[in-house]
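In: mind folding the following:
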Amino acid sequence: MTATAITIATHKGGTGKTVTAMALGAGLARSGNSCLIIDLDPQGHSTLGLGVEIEDGAFTVREFFAEPSIPLPRILRETHIPGLYVAPSNIRLARFEPSLYMRPKREELLWRGLRAIRDQFDVIIMDCPPSLGVLTEGAITAADLIIIPCQMEARASDGLVDLLELVSIMKGETFEQWRILITRVDSRKSTTNQATMASLARWQEKIFHTRIPQSEPLNQAQIVRTDIFSFEPHSKGALAYEAFAKEVLRYVR
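Out: Now for the predicted structure:
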């Protein structure tokens, strides 16, 4: 067994990137897949959102990137969901990130690190920071599938070209395993929704069938530091992410 590596990336905030990472990981784990979320966002929202506390002196993703590095297996933490693990992160990663630009072959660090754990999981999800910096570069390099969350708003396509250009640089122009996930859909805003889909029309074949609705329980689950399925399993958000997890399974080896 070799894990499928999924990178969730966008350099625009407020798209539901981290919510998607947590819900996808939880959804896949609930369906019997062993899953790891690598929290590459220095804000640590995936770590916090899954209820993982980082004690003083505990190893985090920062220690994996440091020299000498700590292997990923020593960083992993269990979550409250059976089969779901997290490689935690916090603000210390932000202070350390600039030094990565001086490392040779920095974009390959994560790809090489995953080799030690690929046979332990079915799926590895990398939650990127909202930027196109070195951490996102590394996650794109390591990815088998790239998921790009786009909020349902009139300017949803803004910046998408920049991200796809980075994907082309890191993965090569022939790489086609990237998909767009439409998030924060408000069915009452029909005009905005139509404008959004029109702006994304040239990528129509790359858009997931599942769309994630605007759902307050998704935000509330983060506040109480749990996943949407544990918090409100029958909410619109939970049902949408359950469907999305099933759709993603088509890409899992």
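In: start and end of stretch 165-185, how far apart?
Out: With C-alpha to C-alpha, to the nearest Å as the measure, stretch 165-185 spans 26 Å from end to end.
In: got the buried residues for that stretch?
Out: 166, 167, 170, 171, 178, 179, 180, 181, 182, 183, 184, 185 (16 or more other C-beta atoms under 10 Å). Every residue, glycine included, has its C-beta placed from N, CA and C.
In: check stretch 206-216 too.
Out: For stretch 206-216, by 16+ other C-beta under 10 Å, it's 207, 208, 210, 211, 212, 213, 214, 215.
In: quick one on the thing from earlier: what's the closest of the buried residues of stretch 165-185 to residue 140?
Out: residue 170 (4.5 Å; C-beta to C-beta).
In: quick one: the strands in this protein?
Out: 4-8, 35-39, 77-78, 84-87, 123-127, 145-151, 178-185, 207-213 (DSSP state E).
In: using CSV, write out every CA atom in the fifth one.
Out: Presented in CSV, the C-alpha positions along strand 123-127 are these (Å, rounded to 0.1, in the frame of the first residue of the first chain):
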residue,chain,number,x,y,z
VAL,A,123,-4.3,9.0,2.2
ILE,A,124,-2.0,11.9,3.2
ILE,A,125,-3.6,15.4,3.1
MET,A,126,-1.4,18.5,3.1
ASP,A,127,-3.1,21.7,4.3
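In: what does it contact?
Out: 3-8, 17-18, 21-22, 24-25, 28, 33-41, 45-46, 110, 114, 117-118, 139, 142-143, 252 (C-beta atoms under 8 Å, 6 or more residues apart in numbering).
In: list the buried ones in stretch 26-36?
Out: 26, 27, 28, 29, 30, 33, 34, 35, 36.
In: end-to-end on that stretch?
Out: 10 Å.
In: quick thing: my sequence starts at 736, can you match it?
Out: From this message on, residue numbering opens at 736, which makes the last subject stretch 761-771.
In: how far off strand 913-920 does the worst-scoring helix or strand of the chain on mean pLDDT point, in degrees?
Out: Here the helix or strand of the chain ranked lowest by mean pLDDT, DSSP states H and E is helix 925-934, holding a mean of 88. Calculated by axes from the mean of the first three to the mean of the last three C-alpha atoms, to 10 degrees, helix 925-934 forms an angle of 170 degrees with strand 913-920.
In: which one among the buried residues of stretch 761-771 gets closest to residue 962?
Out: Nearest to residue 962 among the buried residues of stretch 761-771, with distances taken as C-beta to C-beta, is residue 761, at 3.9 Å.
In: I'd guessed that closest one sits against residue 963; true?
Out: Yes. Counting by C-beta atoms under 8 Å, residue 963 is a contact partner of residue 761 at 7.2 Å.
In: what do those two both touch?
Out: In contact with both residue 761 and residue 963: residue 976, using C-beta under 8 Å, 6+ apart.
In: hmm, back to that, okay, the buried residues of stretch 900-920 in JSON lines with pLDDT and distance to residue 861 next?
Out: Shown next, in JSON lines, are the buried residues of stretch 900-920 (pLDDT from 0 to 100; distance: C-beta to C-beta, whole Å):
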{"residue": "901", "pLDDT": "96", "distance to residue 861": "14"}
{"residue": "902", "pLDDT": "97", "distance to residue 861": "14"}
{"residue": "905", "pLDDT": "97", "distance to residue 861": "13"}
{"residue": "906", "pLDDT": "97", "distance to residue 861": "14"}
{"residue": "913", "pLDDT": "97", "distance to residue 861": "13"}
{"residue": "914", "pLDDT": "97", "distance to residue 861": "15"}
{"residue": "915", "pLDDT": "96", "distance to residue 861": "17"}
{"residue": "916", "pLDDT": "97", "distance to residue 861": "15"}
{"residue": "917", "pLDDT": "95", "distance to residue 861": "21"}
{"residue": "918", "pLDDT": "95", "distance to residue 861": "18"}
{"residue": "919", "pLDDT": "92", "distance to residue 861": "21"}
{"residue": "920", "pLDDT": "92", "distance to residue 861": "24"}
